[in-house]
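Asks: Need coordinates for the below:
(4 chains)
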2 protein chains.
Amino acid sequence: MSTVTIKDIARALNISTSTVSRALRGSYEINQETKELVLEYAERLNYRPNPIALSLKENRSRAIGVIVPQIANYFFSQAINGIEAIAYNRGYHVIIFQSQESYEREAANMQQAMDRKVDGLLISLSSETSDVSHLRALQEQGLPIVQFDRVSHELDTTRIVADNFGGAFAATEHLIKAGRQRIAHLTIPPWLSITKERLAGYRAALEQYGLPYDEALVRYGSFGQDETGPMVDELLALPTPPDAFFTASDRLALGCLASLHQRHIAIPDDVSLIGFTNLNAADLLNPALSTVVQPAQEIGQVAVERLIELIEKKQKAAPPSTVKIPTRLIVRESTRSVVHS
Amino acid sequence: MSTVTIKDIARALNISTSTVSRALRGSYEINQETKELVLEYAERLNYRPNPIALSLKENRSRAIGVIVPQIANYFFSQAINGIEAIAYNRGYHVIIFQSQESYEREAANMQQAMDRKVDGLLISLSSETSDVSHLRALQEQGLPIVQFDRVSHELDTTRIVADNFGGAFAATEHLIKAGRQRIAHLTIPPWLSITKERLAGYRAALEQYGLPYDEALVRYGSFGQDETGPMVDELLALPTPPDAFFTASDRLALGCLASLHQRHIAIPDDVSLIGFTNLNAADLLNPALSTVVQPAQEIGQVAVERLIELIEKKQKAAPPSTVKIPTRLIVRESTRSVVHS
DNA sequence: TTTATTACCGCAAACGTTGCCGGGAACGAT
DNA sequence: ATCGTTCCCGGCAACGTTTGCGGTAATAAA
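Replies: Sure thing, here's the model as predicted:
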C-alpha cells in the first residue's frame, strides 16, 4: 500500500517522472531548486527505489548468490559472515542457498540464482557433485563465479581454499613427532578437492618421516549419517591397528570421538586424535581436541572480494587463480604424546 | 544473454505474447494444438519465467524473509532448515537476514525485506531490540509477521516459542533432586521474552521445593564477547557460593564450562552444570553436558506454516496465538548427583 | 439467411524505473 | 534579425509478464 514511487512524487510536484528520477540521482541537467524540492519531498515520504523494477530494467540485481552445502556448520556460517561483511560494504546483497549436500538441489539453487539475476556466484560444491558442466554452462554465459573451500579443478575459476595440504602435513607431522606410527585417516568423499589435498599432505608427511603409506588406514565417509562407528571398528580390527586418527571434518572428528568413547578407547593414551575442524568448542571436548583450523571468515572475505572484482571489472579482471589461505595447527590434550613403556 | 523470454517464443512461433502466456499457464481459451506447440518449444529452450518481472507486476515475490540474530548458531541454523523445508514445498523462496544482534541492522534488514517485497516475515529479535515500533509499522501496513524464539509481547502476532518455562523448571528441578541447594542462573538480557520465561521457570521450581530465590545468584550477560569469566568469579566469591550453574544459552554454557575448567572447579563434584542449549556435541564435552534442548527445526516449521497460512488466507486466518513447543531434558554427566560426605 | 454462440487469439496497458531524444526558453554572438 | 548555445524538462520506449477487452472466424441455432 504505502510504498511511494517516483510517480507519486512526480504527480505531487507536478513534474515528470524522468525529472524526478534525474533529480534523485543528482543529474547535472536538473535545476538546483527542483532537485532540492524533489529530494526533500522524497525524504519526507521515505521514498525507496524499488530494487525489483531496477533489476528488471538493468537485468542485474546487485546481489550475489552463495551456495553452500549447509549453513548448520560452523565453517560455512563463518564463511558467510565474512562474505556478508564485505558484500554489504560494497553495496551488494547476499542470497544464501543450501544444497544440503545434494547435487540436484545444488543445480536447482543455481537455477534459482540465475532466475533472480544474481550478479555473481560464490559456491562450495556439494559432496555429491562430481560433474560441473552445469556450472561451466553458467560461466560460459558470462556469470562471474568464484569457488571456495570445496572446489573443482575442472572448472576454470578463481578458487579460494585453505592450505589443505599444509594443514594435513602439519597434523600428520605433529602426530609422528608425538610418537605415533600407525596413523589412520578418516576422510570425506575422495573426489572432493579438499579430500585429495589433505590426503596428499598426509602422505607427504608419512613419506618425509619414513613411514609407510597403508591404504587400509584410509577410510572415506560421506556427509550423511554417522558412519564412523563401523569405520572405527574396522580399523581397530586390523592386524596392527592404528595408534592415531586424523579426521578430515567436524562431523568425522566428533563421530570418531564418540565411537572411541563408546568402545572405551582412551585418548590420548591408547590412540591419538586430531581433526581438521572449525569447532568452536574443541577445547572443551573430552579430551580437548587438537585441530587444524581453517580461517573460514577470511576465506569468505577473500572469495567475495575476488568475485566483486570480477563483476565490476568484468573484461580486464585478474585471470583465474587459486588462493591458498594458511591453516593453523592447535595442539591440545587429544594428541599428547604418551611414553610407551 | 541466453535467457529466453515469452517474447522469444512468441516471435519464433509467430503468435502473440499473450497467447504464449496463456498457453503456458494452460488457459482454457487456447487451442490444444497451440498449447502443445508452445509448451514443447518452451521446454526445448528451457524457458523459465522471470520472477522479477512477476514480482514487479504482482507486487509480491513468493519469498518470505527470515531475520535471525545470527546463523552461526546451531539453534538458528536448525530452525532455518525447518523453515526452508516447508517453504520450498509450498513454493516459497526463503531470504535470510542476519541482524548480528544489532537493532540497527535488524531495522535495515526489515527495510531490505520490504524493498524486496517479501510476502511475509519471520523474525527472532536481536538482543538489542526492545522497541518494536518499526515492526508494528510494517504489520499495520499489512505485512504478515510471525515471531519465533525471541519474541516481543508488545507486538500482537502469532508467536512460536519453546516451552522455556517448562524447560527451565525441569532443569532446576533436576538439579534440586540431585541434591543442589544454591543454584546460580546465568542468563541473557533481561528484556528478552525467553529470559523472563526461563527465569520464571527457575523461580517456580525453587519455590516448589522450598528453596529461597536469591537475586545475587542471577547474572545477566549479553551475546557479545565472553563475559562468563567475571560472572563466575563473582559467583564463586559469594559468602555461600553456588553448587550448581544453570545457563540459558549455548555460549554461556560453553563459557561457563571453560571458566570452571580454568579455575580447576570439578564438575560435577564441586558444582553441577546444565545448559539450555542446542549444541550437537554436548555429549562429547568434558564432562558430558546435561541440557534442555529446544526442537529448533520444529519451531521453524511451525512458524513458517503459520506464516504461510497468514499470507494465503489473509483475511480469515486464525487469530494471533502463542504456540509453545515442548523442550526435552537430557541428563548427562555434568549434573550427576554427588554424595556429600 | 440471419443471428447467436463458441473457440481462439491479438492489442495494449500496467508494474517502477531509466535513458534517449527532442524541444522550448533564454541568452549571447554575429 | 538570425543563429548557436546552454539550461532545463517532458515524452516515450523498454525490461518480462499478465489480463481485460475486443475482434475474427467458424459453427450452431433460428
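
Asks: Counting neighbours, what do you get for the closest residue to A:T187 other than its chain neighbours?
Replies: Counting by C-beta to C-beta, 6 or more residues apart in numbering or on different chains, A:T187 lies nearest to A:A248, which is 3.9 Å off, once chain neighbours are set aside. C-beta: built from backbone N, CA, C; applies to glycine. Residues within reach of A:A248, counting by other C-beta atoms under 10 Å in any protein chain shown, total 27.

Asks: Likewise for A:I52?
Replies: Other residues within reach of A:I52, judged by other C-beta under 10 Å, total 21.

Asks: wait, what's in contact with it?
Replies: The contact partners of A:I52, taken as C-beta atoms under 8 Å, 6 or more residues apart in numbering or on different chains, are B:I52, B:S55, B:L56, B:S61, B:R116, B:K117.

Asks: so which helix or strand takes in the third one?
Replies: Secondary structure here is read from DSSP states H and E; on that basis B:L56 sits in helix B:51-58.

Asks: Next: the last one.
Replies: Counting by DSSP H and E, there is no helix or strand that carries B:K117.

Asks: My understanding was that it contacts B:I64; is that so?
Replies: No. Between B:K117 and B:I64 there is no contact, the gap being 10.9 Å when judged by C-beta atoms under 8 Å.

Asks: Those residues of the stretch 1-150 of chain A touching DNA strand C, which are they?
Replies: Neighbours of DNA strand C within the stretch 1-150 of chain A, by C-beta under 7 Å from any atom of the strand: A:3, A:5-7, A:17-18, A:21-22, A:24-25, A:47-50, A:53-54, A:56-57.

Asks: so A:N109 sits in a strand?
Replies: No. Counting by DSSP: H, G, I helix; E, B strand; the rest coil, one finds A:N109 to be helix, located in no strand.

Asks: ok, A:V338 - contacts?
Replies: By C-beta under 8 Å, 6+ apart, the residues touching A:V338 are A:A178, A:G179, A:P268, A:D269, A:S272.

Asks: Identify the residue nearest A:F165 in space, chain neighbours excluded?
Replies: Nearest residue to A:F165 in three dimensions, chain neighbours excluded: A:G201, at 4.0 Å (C-beta to C-beta, 6+ apart).

Asks: Could you give me the buried positions within the helix or strand containing that neighbour?
Replies: A:G201 belongs to helix A:193-208 when assigned by DSSP H and E. Using 16 or more other C-beta atoms under 10 Å in any protein chain shown as the test for burial, helix A:193-208 gives A:S193, A:I194, A:T195, A:E197, A:R198, A:L199, A:G201, A:Y202, A:R203, A:A204, A:A205, A:L206.

Asks: can those residues go into JSON lines with extra columns for distance to A:N31 and pLDDT?
Replies: Formatted as JSON lines, the entries for these read as follows, by distance: C-beta to C-beta, whole Å; pLDDT from 0 to 100:
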{"residue": "A:S193", "distance to A:N31": "59", "pLDDT": "91"}
{"residue": "A:I194", "distance to A:N31": "60", "pLDDT": "93"}
{"residue": "A:T195", "distance to A:N31": "64", "pLDDT": "94"}
{"residue": "A:E197", "distance to A:N31": "62", "pLDDT": "95"}
{"residue": "A:R198", "distance to A:N31": "65", "pLDDT": "96"}
{"residue": "A:L199", "distance to A:N31": "69", "pLDDT": "97"}
{"residue": "A:G201", "distance to A:N31": "67", "pLDDT": "97"}
{"residue": "A:Y202", "distance to A:N31": "71", "pLDDT": "97"}
{"residue": "A:R203", "distance to A:N31": "73", "pLDDT": "97"}
{"residue": "A:A204", "distance to A:N31": "71", "pLDDT": "97"}
{"residue": "A:A205", "distance to A:N31": "72", "pLDDT": "97"}
{"residue": "A:L206", "distance to A:N31": "77", "pLDDT": "97"}
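
Asks: Distance of the residue in the stretch 51-200 of chain A positioned nearest to DNA strand D relative to B:L56?
Replies: Closest residue of the stretch 51-200 of chain A to DNA strand D, C-beta to the nearest atom of the strand: A:K57 (3.5 Å). Here A:K57 is placed at a distance of 9 Å from B:L56 (C-beta to C-beta, to the nearest Å).

Asks: on that earlier part again, just the closest of the buried residues of helix A:193-208 to B:S124, please.
Replies: Nearest to B:S124 among the buried residues of helix A:193-208: A:I194, at 32.8 Å, using C-beta to C-beta.

Asks: Now that closest one: closest residue in space, sequence neighbours ignored.
Replies: Leaving out its chain neighbours, the residue that sits closest to A:I194 by C-beta to C-beta, 6+ apart is A:N164, at 5.1 Å.

Asks: The one you found against A:A204, yeah?
Replies: No. Using C-beta under 8 Å, A:N164 is not in contact with A:A204, being 11.7 Å away.

Asks: where does the stretch 201-341 of chain A have low pLDDT?
Replies: Along the stretch 201-341 of chain A, the model assigns pLDDT under 70 to residues A:224-225, A:314-317, A:339-341.

Asks: all helices for it, in order.
Replies: A:228-236, A:250-262, A:296-312 (DSSP state H, counting those that start in this stretch).

Asks: Extract the CA atoms of the first one and return them as CSV.
Replies: What it means is helix A:228-236. Extracted in CSV, the C-alpha atoms of helix A:228-236 (Å, rounded to 0.1, in the frame of the first residue of the first chain):
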residue,chain,number,x,y,z
THR,A,228,32.2,-43.6,11.9
GLY,A,229,31.3,-46.4,14.2
PRO,A,230,31.9,-49.2,11.6
MET,A,231,34.9,-47.4,10.3
VAL,A,232,36.5,-47.2,13.7
ASP,A,233,35.6,-50.9,14.3
GLU,A,234,37.3,-52.0,11.1
LEU,A,235,40.4,-50.0,11.8
LEU,A,236,40.7,-51.3,15.3
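
Asks: quick one: buried residues of it?
Replies: For helix A:228-236, burial by neighbour count (16+ other C-beta under 10 Å) applies to A:T228, A:M231, A:V232, A:L235, A:L236.

Asks: that older thread, return a ChimeraX selection command for the buried portion of the contacts of A:V338.
Replies: Here is the ChimeraX selection string for the buried members of these, based on 16+ other C-beta under 10 Å:
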select /A:178,268,272
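
Asks: Let me see the contact set for A:I188.
Replies: Going by C-beta under 8 Å, 6+ apart, A:I188 touches A:S127, A:I194, A:T195, A:Y220, A:G221, A:S222, A:F223, A:A248, A:S249, A:L252.

Asks: give me that answer again for 10 Å
Replies: Contact partners of A:I188, counting by C-beta atoms under 10 Å, 6 or more residues apart in numbering or on different chains, are A:127, A:150, A:194-195, A:198, A:220-223, A:247-249, A:251-252, A:276.

Asks: What distance do you get for the residue nearest to A:Q98 when sequence neighbours are not counted to B:S99?
Replies: Closest residue in space to A:Q98, ignoring its immediate chain neighbours: A:Q70 at 5.4 Å, by C-beta to C-beta, 6+ apart. Look at A:Q70 and B:S99: by C-beta to C-beta, they are 21 Å apart.

Asks: Done for today, thanks.
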